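>>> My questions are about this predicted structure, shown below with the sequence.
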Amino acid sequence: GALQQPEDLIHKQCHSIINHRTSSSSHPLCRRCHATDAKPGRKRKLPSGDDAIRFRKEGILIDPTQETNRLFAVLSDKKAAASTPATLIENQVVAVLMHLAMHPRKDGGPMASRLIDAVRSTSISVGLTVQMYHLVIECWIKSDVKDAIKPAEHLLRELLNRGKILLPYDMDGEAIGHVNSSFALVVHTLLRMDGEQSVEKANSLIRRIQSLYNNTKCGLDPNVTALNAILNALCHSNDENSAREAKDLLRKMVNMHESDTKCDMEPSTTSFAVVIHHLAKLGDIGGARDILQWMIRLHEDGTISAQPDIFCFNSLLDGLGKINSRTAAQEIEDILTEMEHTGGGLRPDRLSYTCCIHAYARLGDAEKSENVLRRMLDAYEMGNEGARPDATAFGACVDAWARTSSGGPTHGAVRAEALVSLQEDLYREGSGNDMAPSVALYNALINAWAHSKATKSEGKALDVLERMETFDIKPNTTTFNAILTALARSGSGEAAVDKAEMTLKQMENSDDVMPDVITYNSYLDCLARNGTSNATNRAKDTLTRMENRGIAPNRRTYNTAINFLAKSDDVDGARMATEILAMMEGSNDESIRPDARTYGAAINAWSRSSDPKRAEMSLEIYKRMQQPNVIAANAVLSACCFIPIEQRERALKIAFDVMNELKQSNTEVDADHITFSTMLKVIGTGMSPGADRDAKVREVFERCCENGLVSDLVLRTLTKCTSHQFLSELIPSDNSKFSKDWSRNVFER
């Protein structure tokens, strides 16, 4: 229909100018003349090819390439151009440009530009109209040419910069629409591109067109299309000022429409949706909610015809999902329920349900997350095609169950296993590729088994690898890292270590799956948890293997290595742990400098060693800590237990010094029940029975009572480190002196 009007007009003008009855008088710009010979109805064969666009309209075959070549021929022929009315040429140019815009092609932009360049260069009075500019810009935007935005932007700037000459005499309603549409096309395209330069170009165009809007002589008024582009640009910035400006512009559009319903500035659904999405993205959920409710009220009272669509609601849901709170998750579910009851175009789609699933999954509420997934499945089965679940929804639920600790030692892993099996079944039944199990899904399932406390959970994790093969899914580095974690937590001793070593060698010898720092950290953790011997050499070997592969250890690597050395019975383990600690302390890299865990593990290494000077070494490391904690203090106390006779006096002094530091009011380190239990053990193993020992035991126990830290552990240790007679003095057998207040601050695991 868009092509028919200029075609009819051209043919009418052609017929009135020349004799249409003879083949010799057919005009080169008239398609009807060229589509027939002298005899009506007889078609002339037009060129065809891969680059030709065919469009049938009343039996006429249009080829833009041929049409353009004819125009070039006329425009380059001064005699033919002079004998042809300018209106006829202009209408034919518009017809070809319309066709190129309606039927995008790779060379559409270049072809359109060449055509208007020819119009520019002609000697006849053929003017470039606003419509021509708009059509050429549209051809460039729709073409599949690299950097097509550059000529489109250049043409738009040329159009806007000619405003003082071109716009005043050509600014009817249709021309205003073309200018605003061209502006919107270019701005939207620039904003879709990455980079600050594109955004600045869009803002530059906005400033230019706003100057024309403010110039009453130009006659250019904004419309909703242009204002939506400006809203999009404002919402492309991630700052509060842009959000405020966007809300102000939206209110201005509403006010302008209310004052003059004939103006073309009635906000559309897109106008509100862009602002809602921007506010939600910035975390201004209250603002996004207010705009949505305002839009609903404006529609209900008849002020605007636009009403919220699914994108408006999903933007609000997505913003709420990022708050990571129970209240926000519940609000998402409430909105979801309201959308389900509303139905129609506001029925929840995949994104709506997935936002709710993720909100609960991030909170670790796997039960709620799966309940929403089940609702999603039910909605799809009831005919809501937009709610068809995909792998992302299942993956979020599986990951939530992998991280849950409620319901028993295997509950999370069993529920995750059931969901993966359901997804596999749906995929086999033909639910589409978006339901295909992914490597991320199986990684989450392996993690579920790795973090469960089920017996032989590592076997379940290894079974997942076989299931992956049935779907031709190749494991990645994360998969094998999860396997190593499962082996580390299995408690299977040397058997787990052997499997971990095989897994690591498989990765090291593979061309597809490369180990990373997490791989070696997990391997070291497996060694530490499963009590292997020869710790010093194994730790050195692991660090050397990392160095040979160019993998830089991080703080966790060294912490795990020190922890491994601390748990071993290697006589050189504590010294190597101290060497690693010194290296970390001397590093300028903040990512590997020691933290509280590092010092605690190093102190533990000395505490568990058989070195007679372990108490001295533990205290030295403790004093190097910038922020001591009770765990490190307890480790120093532990190092003072079972000391050889010649070192006991020094060990007792170290233990009491540490206790006195904890006793000071200006310290931030508070003792716990383990502190008092360990201190009693120091006294029991470091002092001979007698009045002196009883006095020290009484001092420590009374302080423990004052702090409300008398636990079962403290009582058991007290029983072992003193005589029955003295124990009965501290705690009579009838418990007449025992007070519940003594245990008020005990939190035992």
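It's in.
>>> what's the model's confidence in stretch 408-423, averaged?
For stretch 408-423, mean pLDDT rounds to 91.
>>> and what of stretch 537-557?
94.
>>> mind listing what's buried in that stretch?
Across stretch 537-557, burial judged by 16 or more other CB atoms under 10 Å covers Arg538, Ala539, Thr542, Leu543, Arg545, Met546, Ile551, Pro553, Asn554, Arg555, Arg556, Thr557. C-betas here are computed from N, CA, C, even on glycine.
>>> Same question for stretch 258-278.
Across stretch 258-278, burial judged by 16+ other CB under 10 Å covers 264-278.
>>> Start and end of it, how far apart?
In stretch 258-278, first residue to last residue: 25 Å (CA to CA, to the nearest Å).
>>> who touches it?
Outside stretch 258-278, the residues that touch it by CB atoms under 8 Å, 6 or more residues apart in numbering are 177, 221-224, 227-228, 231-232, 234-235, 242-243, 246-247, 250, 253-254, 256-257, 288, 291-292, 295, 303-309, 311-312, 315-316.
>>> quick one on the thing from earlier: out of the buried residues of stretch 258-278, the closest to Met98 would be?
Set against Met98, the nearest of the buried residues of stretch 258-278 by CB to CB is Asp264 (22.0 Å).
>>> Name the helix or strand for that closest one, please.
Per DSSP states H and E, Asp264 falls between elements, in no helix or strand.
>>> all numbers from here: first residue = 71
All set: I'll call the first residue 71, so the last point we hit is now Asp334.
>>> now it: how far from Lys287?
Asp334 is 20 Å from Lys287, where distance means CB to CB, to the nearest Å.
>>> what does Tyr203 give?
Counting by CB to CB - Tyr203 and Lys287 are separated by 20 Å.
>>> Pick out whichever of the two has more residues nearby.
Tyr203 (23 against 10; other CB atoms under 10 Å).
>>> Touching, Pro221 and Gly178? I think so.
No - using CB atoms under 8 Å, Pro221 is not in contact with Gly178, being 11.7 Å away.
>>> Return every residue with contacts to both of the two.
Trp210.
>>> Comparing those two, which residue is more hemmed in?
Of the pair Pro221 and Gly178, Gly178 is the one with more neighbours under other CB under 10 Å, namely 27 against 20.
>>> can I assume that one is in contact with Ile211?
No - the pair Gly178 and Ile211 does not pass the contact test of CB under 8 Å, sitting 9.7 Å apart.
>>> Pull out the buried positions in stretch 305-323.
Using 16+ other CB under 10 Å as the test for burial, stretch 305-323 gives Cys305, His306, Ser307, Ser312, Ala313, Glu315, Ala316, Lys317, Leu319, Leu320, Met323.
>>> wouldn't Met168 be in contact with Leu205 here?
Yes - Met168 is in contact with Leu205 according to CB under 8 Å; the separation is 6.2 Å.
>>> For those two, work out which one has more neighbours and name it.
The neighbour comparison of Met168 against Leu205 (other CB under 10 Å) goes to Leu205, with 25 against 20.
>>> got a list of what the more buried one touches?
Residues near Leu205 by CB under 8 Å, 6+ apart: Val164, Leu167, Met168, Leu170, Ala171, Ala182.
>>> what about 10 Å?
By CB atoms under 10 Å, 6 or more residues apart in numbering, the contact list for Leu205 reads 163-164, 166-172, 182, 185-186, 199, 248, 252.
>>> Please apply the same query to Cys425.
383-392, 399, 402-403, 405-406, 418, 442.
>>> ranges for the strands of this protein?
126-127, 130-131 (DSSP state E).
>>> least reliable of those strands going by mean pLDDT?
Among the strands of the chain, strand 126-127 scores lowest, at a mean of 34.
>>> Stretch 684-704: end-to-end distance?
Span of stretch 684-704 from end to end, CA to CA: 14 Å.
>>> Give me the mean pLDDT for it.
Stretch 684-704 comes out at a mean pLDDT of 93.
>>> and if you look at stretch 517-530?
86.
>>> then it to PDB, C-alphas only?
Provided in PDB are the C-alpha atoms of stretch 517-530 (Å, rounded to 0.1, in the frame of the first residue of the first chain):
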ATOM      1  CA  ASN A 517      28.300 -30.200  44.600                       C
ATOM      2  CA  ALA A 518      25.100 -31.400  46.200                       C
ATOM      3  CA  TRP A 519      26.600 -34.800  46.800                       C
ATOM      4  CA  ALA A 520      30.000 -33.300  47.700                       C
ATOM      5  CA  HIS A 521      28.400 -31.200  50.500                       C
ATOM      6  CA  SER A 522      26.100 -33.900  51.800                       C
ATOM      7  CA  LYS A 523      27.100 -36.100  54.700                       C
ATOM      8  CA  ALA A 524      25.900 -39.300  53.100                       C
ATOM      9  CA  THR A 525      28.100 -42.300  53.300                       C
ATOM     10  CA  LYS A 526      30.100 -42.900  50.100                       C
ATOM     11  CA  SER A 527      28.800 -39.600  48.700                       C
ATOM     12  CA  GLU A 528      31.900 -39.400  46.500                       C
ATOM     13  CA  GLY A 529      30.600 -42.500  44.700                       C
ATOM     14  CA  LYS A 530      27.300 -40.700  43.900                       C
END
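>>> Which positions within it qualify as buried?
Buried-residue list, stretch 517-530, by 16+ other CB under 10 Å: Asn517, Ala518, Trp519, Ala520, His521, Ser522, Ala524, Ser527, Glu528, Lys530.
>>> list the contacts for the third one?
When contacts are counted by CB under 10 Å, 6+ apart, Trp519 is found next to 472, 480, 482-484, 486-487, 526-534, 552-553, 555-556, 559-560.
>>> 6 Å instead?
Ala483, Ser527, Lys530, Ala531, Ala556 (CB atoms under 6 Å, 6 or more residues apart in numbering).
>>> Reformat those as TSV; add distance to Ser798.
Shown next, in TSV, are these (distance: CB to CB, whole Å):
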residue	distance to Ser798
Ala483	50
Ser527	47
Lys530	52
Ala531	53
Ala556	50
